[in-house]
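# Sequence below, structure please.
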Amino acid sequence: MSDALEKAEQAAREAETNTAAVQLATMAMELAKLAAQQQAQAPAPTCQHDHKPRRSAGEWLGIACAVCVGGVGVAFASLALAILGGVAAIVVLVLRDMWRDMRKGR
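Alright, predicted model coming up:
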């Protein structure tokens, strides 16, 4: 853009004797200045879409605690199922032995 300004100023100096040429050069310089100002004042483009808010550190800490508590709950539930299975197996074996004893007549 500065090349255009320099050329316009050069033309204005050369055309000092001719008033019409001076007026044209002056107008060209003014137009170049306005164009430079408009380019400098052009606003930066803004996003047109909505960004999702990012999670804060407190939210991540809450999620981590919930996962830990859930993991401990699953571990206790698995342990309870294992104990229940073992107790059920013992009860079935005892009942089977009692049934055999009753069938033999003891």
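# Work out the gap between the helix or strand containing Arg96 and the centre of the chain.
Under the criterion of DSSP states H and E, Arg96 resides in helix 57-104. Distance of helix 57-104 from the chain centroid (CA atoms, centre = their mean, to the nearest Å) equals 41 Å.
# so for that helix, what's the average pLDDT?
For helix 57-104, mean pLDDT rounds to 95.
# Numbering from 15 from now on, please.
OK, 15 is where the count begins now, so the last one is helix 71-118.
# any idea whether His63 is helix, strand or coil?
Put simply, His63 is coil when judged by DSSP: H, G, I helix; E, B strand; the rest coil.
# Can you report how many residues lie near it?
Close neighbours of His63, defined as other CB atoms under 10 Å, add up to 4. The C-beta positions use only the backbone N, C-alpha and C, and glycine is treated the same way.
# Likewise for Ala39?
Counted with other CB under 10 Å, residues neighbouring Ala39 total 21.
# correct me, but it touches Leu19?
No. Here Ala39 does not reach Leu19: they are 11.2 Å apart, not a contact under CB atoms under 8 Å.
# shared neighbours, those two?
Between them, Ala39 and Leu19 share no contacting residue under CB atoms under 8 Å, 6 or more residues apart in numbering.
# tell me what the helix holding Arg110 is packed against?
Here helix 71-118 touches no other helix or strand, going by 3 or more CB pairs under 8 Å, 6 or more residues apart in numbering; DSSP states H and E.
# what's the helix or strand for Ala22?
Here Ala22 is assigned to helix 16-28, by DSSP H and E.
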